[in-house]
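S.K.: I'd like to go over a predicted model; first the sequence, then the structure.
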Amino acid sequence: MTAPPRRELPREVRIIGGLWKRSKLHVADLPGLRPTPDRVRETLFNWLGQDISGWRCLDAFAGSGALGFEAASRGADQVVLLERDRRLATKLDEARVRLKAEKLRVEAVDAMAWMARCAPDTFELVFIDPPFNLPLVEPALAAARRLVVPQGFIYVESAQALAPEPLAAQGLVLHRQGHAGAVHFHLLQRVNIA
């Protein structure tokens, strides 16, 4: 019996809204790299509002950069993309230069180490889409909760749906959630713990 063929992932994704609408971003053929699908990004920005002018955003596990570039395209004042793989970081920086994305910064670093060093209450929105084969969702959520301003948002993609009760214990409310294929996506909001 032969193994089923590996599902081909797109070699590029397009920015779906804002200044760079229809611009394409390269997607490397690397294990574990799952660019956030257009439909999911569209849903997320419908939840957030189409214009996020003035927001500071962090794309903690940037990969293809689709989430961070989408935020910058929609008016974010500052977007930081963190990518550990230097080849991917180089491609992200090339896209930044090509699009003249002056409010976007790419750093070739480990996301968890970078978030541990970052000042608290720095971002209005943090994207967390770590590799599903590593146990990073919970520690990344804890790090992001510290970095996001009160009432700010954390977007998370994971292999399983997140339960509201453990999130509430961290001062996070499940604002919205969805499911597309093997990906569960969540929009969380930071609240004050009583």
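M.R.: Cool, the structure landed.
S.K.: quick one: Arg145 and Val109, what's the gap?
M.R.: Distance, Arg145 to Val109, by Cβ to Cβ, to the nearest Å: 20 Å. Yep, even glycine has a C-beta here, placed from its N, CA and C like the rest.
S.K.: what does Arg98 give?
M.R.: Distance from Arg98 to Val109, by Cβ to Cβ: 22 Å.
S.K.: between the two, who's got more neighbours?
M.R.: A direct count of neighbours by other Cβ atoms under 10 Å for Arg98 and Val109 places Val109 higher, at 16 against 12.
S.K.: if I pick that one, what's in contact with it?
M.R.: For Val109, the contact set (Cβ atoms under 8 Å, 6 or more residues apart in numbering) comprises Leu82, Glu83, Arg84.
S.K.: how about TSV for the residues you listed, with neighbour count and pLDDT added?
M.R.: Formatted as TSV, those follow (neighbours: other Cβ atoms under 10 Å; pLDDT from 0 to 100):
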residue	neighbour count	pLDDT
Leu82	25	97
Glu83	26	95
Arg84	18	94
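S.K.: Does Gln151 belong to a helix, a strand or coil?
M.R.: Classification of Gln151 using DSSP: H, G, I helix; E, B strand; the rest coil returns strand.
S.K.: Looks like it contacts Leu188 (just checking).
M.R.: No - Gln151 lies out of contact with Leu188 (Cβ atoms under 8 Å); the separation is 11.4 Å.
S.K.: Name the residue in those two with the higher neighbour count.
M.R.: Leu188 (27 against 11).
S.K.: Using CSV, list the CA coordinates for the strand or helix carrying the more buried one.
M.R.: Taking DSSP states H and E as the criterion, Leu188 maps to strand 183-190. Extracted C-alpha coordinates of strand 183-190, given in CSV (Å, rounded to 0.1, in the frame of the first residue of the first chain):
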residue,chain,number,x,y,z
VAL,A,183,-6.4,24.6,11.5
HIS,A,184,-8.3,26.0,14.4
PHE,A,185,-8.1,29.8,14.6
HIS,A,186,-8.9,32.0,17.5
LEU,A,187,-9.1,35.7,18.3
LEU,A,188,-8.4,36.3,22.0
GLN,A,189,-8.7,39.6,23.9
ARG,A,190,-6.6,40.5,27.0
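S.K.: who touches it?
M.R.: 34, 36-37, 40, 43-44, 47-48, 141, 145, 148-162, 167, 171-179.
S.K.: lowest-confidence helix or strand of this protein?
M.R.: Least confident helix or strand of the chain, by mean pLDDT, DSSP states H and E, is strand 24-26 with a mean of 80.
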